[in-house]
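[1] please work out how this folds:
(one chain, ligands or ions: 1)
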Amino acid sequence: MARIHFIDVTNRDGVQTSRIKLSKFQKTMVNWYLSQLGVFQSEFGFPFSDHEYHYVQGNLALKAKGAFGTMVLEGWVRALQGDVERAVAVGCTDLNLSMSTSDLMLHLKFRGKLDRTAVTREMTDAVQAAKAGGVRTVGVNAEDASRTDIEQLIEFALAAKEAGAVRLRYCDTLGFDSPRTIYDRITRLAEAVRLPIEPHCHDDLGMANANSVFAAQAAVDAGVDAYINATVNGNGERAGQADLLSCILAIKYANGLQGYELGEQLDLSWAWKLGNYVARSYGLPVPIRQVGIGANAFAHESGIHADGALKDRHNYELYDYELLGRPETEETPTGRVITTGEYGGLAGFKYVYERLGITFESNAQAASVLELVQVANGHNQKPLLPDELRFIAAHPDEVRTILTTSPWRSQRTAGNEQPAVAAGGA
Ligand SMILES: [Zn+2]
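    Got it, this is the predicted structure:
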């Protein structure tokens with residue numbers, strides 16, 4: 001039976017969103033939390049962008065040493081040979097190539113420079129460049145798929161498959177679809193092309209989660225795997241997109257979804273930590289009604305509800321909060337506190353790490369990790385959390401690479417193809 005997988009796009013769609021940003025180190029921690037949760041893949045960034053260079057290098061090195069388990073790190077590029085070549089040059093082994101497919105965008109965005117035949121040719125050239133460059137899996141994204149003529153979309157998808165793509169991303173870029181239309185269109189597409197489908201749904205009409213679940217059902221009912229795209233807490237372009245945890249819980253608990261199988265064993269006890277980490281890093285509070293992790297997701301006050309929940313939680317709760325790693329309470333110390341960070345020294349640093357159960361062989365070793373802590377704190381501009389401190393101590397070489405930032409586009413355009421500052425330990 002075909003299965004449903006999850007591809008998180010927080011580190012691509014999430015962070016490209018206006019007024020929502022993560023530091024390179026925070027993006028790395030998101031990859032790590034996602035790997036603990038057990039999703040199939042993280043769309044981890046933009047491998048053709050100069051400022052992502054060290055982040056991409058460091059994260060690929062972490063992947064190579066097993067720090068992310070089996071989770072795939074896949075880069076997003078435009079379906080352009082130049083983008084693909086740069087992604088291959090930085091070592092990406094898995095890519096999604098994006099191309100607009102609707103007539104509307106061909107007219108209004110490309111202004112007639114590309115027609116239907118031309119976008120298909122650009123896409124197949126890019127897929128072939130990726131295959132020639134040794135890329136292991138190539139997915140093709142049809143931007144604005146929901147406003148694309150279905151016959152054109154099928155033709156585009158068949159060409160992608162023929163060129164060597166292993167999945168087609170159906171982008172409901174503007175959140176235009178509704179559950180019934182996306183079910184029908186994905187059914188048609190999957191039956192005609194026989195290629196796994198990635199539903200990528202935005203929330204402009206508030207239907208991203210429902211659309212994603214209906215799309216996944218359609219793909220599986222048609223006999224192909226579905227790879228739901230989602231972000232942590234649903235943040236993404238404009239009104240956001242499908243929320244990772246909502247979609248997972250829907251597949252597991254919604255009426256009518258019984259019998260649909262997940263492709264990966266997910267450990268939902270990481271859900272609370274992941275959602276709160278991303279919200280804190282964005283500087284945005286978790287909405288009070290957020291599915292699973294909102295403050296009110298398991299709160300009851302009104303007479304009938306409180307009475308019912310006290311008699312048996314399942315009167316008013318579909319699933320248990322313990323499952324999501326929600327603690328009963330969170331404690332904040334109120335006496336003397338020693339922290340370590342951007343302006344800290346060795347004594348405080350060693351004290352904090354000792355309390356985490358981590359000691360160093362020498363002061364020199366401790367000082368080199370302290371340097372990383374200082375820079376990471378400088379990048380995040382938030383107190384470092386125990387998980388972040390542990391991660392830095394466990395992977396100092398890769399973290400050093402990730403923390404290396406140096407504007408170098410002007411040097412590259414002057415003929416220098418490598419960044420001026422060498423990546424350490426990549
Ligand atoms: Zn998107």
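
[2] in what helix or strand does F44 lie?
    strand 41-45 (DSSP states H and E).

[3] paired strands for that strand, with orientation please.
    On the basis of DSSP bridges, the sheet neighbours of strand 41-45 come out as strand 4-8 (parallel), strand 72-78 (parallel).

[4] what about the longest one, average pLDDT?
    Averaged across strand 72-78, the pLDDT comes to 98.

[5] and if you look at stretch 39-59?
    pLDDT averaged over stretch 39-59 equals 96, rounded to a whole number.

[6] and for stretch 107-126?
    The model assigns stretch 107-126 a mean pLDDT of 86.

[7] okay, the strands paired with strand 41-45 in a markdown table with mean neighbour count and distance to Y319 next?
    Using the backbone N, CA and C atoms, a C-beta is placed for each residue, glycine as well. Listed next are these as a markdown table, based on neighbours: other CB atoms under 10 Å; distance: least, CB to CB, whole Å:
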| stretch | mean neighbour count | distance to Y319 |
| --- | --- | --- |
| strand 4-8 | 24 | 17 |
| strand 72-78 | 24 | 27 |
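
[8] how about the ones you listed, which one is nearest G206?
    The minimum distance between G206 and these falls on strand 4-8, with 20.8 Å, by CB to CB.

[9] tell me which helix or strand comes right after that closest one.
    The element immediately downstream of strand 4-8 (helix or strand, assigned by DSSP H and E) is helix 24-37.

[10] list the contacts of that next one.
    Where contact means CB atoms under 8 Å, 6 or more residues apart in numbering, the residues beyond helix 24-37 that reach it are 8, 10-11, 15, 22, 42, 44-45, 52, 54-55, 58-59, 62, 67-69, 71, 73, 232, 266-268, 270-271, 273-274, 277-278, 281, 376, 379-380, 387-388, 391, 399, 402-403, 405.

[11] go on, stretch 300-311?
    Contacts with stretch 300-311, where a contact means CB under 8 Å, 6+ apart, come from 315-317.

[12] among the residues you listed, name the buried ones.
    Members of the contacts of stretch 300-311 that pass the buried threshold by neighbour count (16 or more other CB atoms under 10 Å) are listed as Y316.

[13] wait, which of the contacts of stretch 300-311 is closest to Q217?
    The closest of those to Q217 turns out to be E317 (CB to CB; 24.6 Å).

[14] so that closest one lies in a helix, does it not?
    No: secondary structure assignment (DSSP: H, G, I helix; E, B strand; the rest coil) places E317 in coil, not in a helix.

[15] so what's the residue nearest to it when sequence neighbours are not counted up against?
    Nearest non-adjacent residue to E317, counting by CB to CB, 6 or more residues apart in numbering: F298, 6.1 Å away. Taking CB under 8 Å, 6+ apart as the definition of contact, the neighbours of F298 are 317, 321, 326.

[16] ok, 10 Å please
    Remark: with contacts taken as CB atoms under 10 Å, 6 or more residues apart in numbering, F298 is in contact with 292, 309, 313, 316-317, 319-322, 324, 326.

[17] so where do the strands sit in the stretch 51-200 of the chain?
    Along the stretch 51-200 of the chain, the segments classed as strands by DSSP state E, counting those that start in this stretch run 72-78, 94-100, 137-143, 167-172, 197-201.

[18] still on that earlier bit, now, the contacts of F298 that are in helices?
    Using DSSP state H, the members of the contacts of F298 that fall in helices are A309.

[19] before we move on, the earlier item: CSV for the strands of the stretch 51-200 of the chain, including distance to R3?
    Shown next, in CSV, are these (distance: least, CB to CB, whole Å):
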stretch, distance to R3
strand 72-78, 15
strand 94-100, 19
strand 137-143, 16
strand 167-172, 13
strand 197-201, 12
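
[20] tell me the most buried of those strands?
    Per-residue neighbour counts averaged over each of those give the maximum for strand 197-201, namely a mean of 30 (mean count of other CB atoms under 10 Å).

[21] that older thread, just the buried subset of the contacts of helix 24-37, written out for ChimeraX, thanks.
    Selecting just the buried residues from the contacts of helix 24-37 in ChimeraX takes one command, with 16+ other CB under 10 Å as the test:
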select :8,10,11,15,22,42,44,45,52,54,55,58,59,62,67,68,71,73,232,266,268,270,271,273,274,277,278,281,376,379,380,388,391,399,402,403,405
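
[22] among the contacts of helix 24-37, which are in helices?
    Under the assignment DSSP H, the contacts of helix 24-37 contribute 54-55, 58-59, 62, 271, 273-274, 277-278, 281, 376, 379-380, 387-388, 391, 399, 402 to helices.

[23] any regions of this protein where pLDDT drops low?
    Filtered on pLDDT under 70, the chain yields the residue ranges 408-426.

[24] can you list the domains in it?
    The chain is divided into the following domains under automatic domain parsing: 4-282, 346-402.

[25] point out the most buried one among those domains.
    When neighbours are counted by mean count of other CB under 10 Å, the highest per-stretch mean among the domains of the chain falls to domain 4-282, a mean of 21.

[26] that older thread, need the contacts of stretch 300-311 in TSV (columns: distance to P287).
    As requested, these are exported to TSV (distance: CB to CB, whole Å):
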residue	distance to P287
N315	24
Y316	20
E317	18
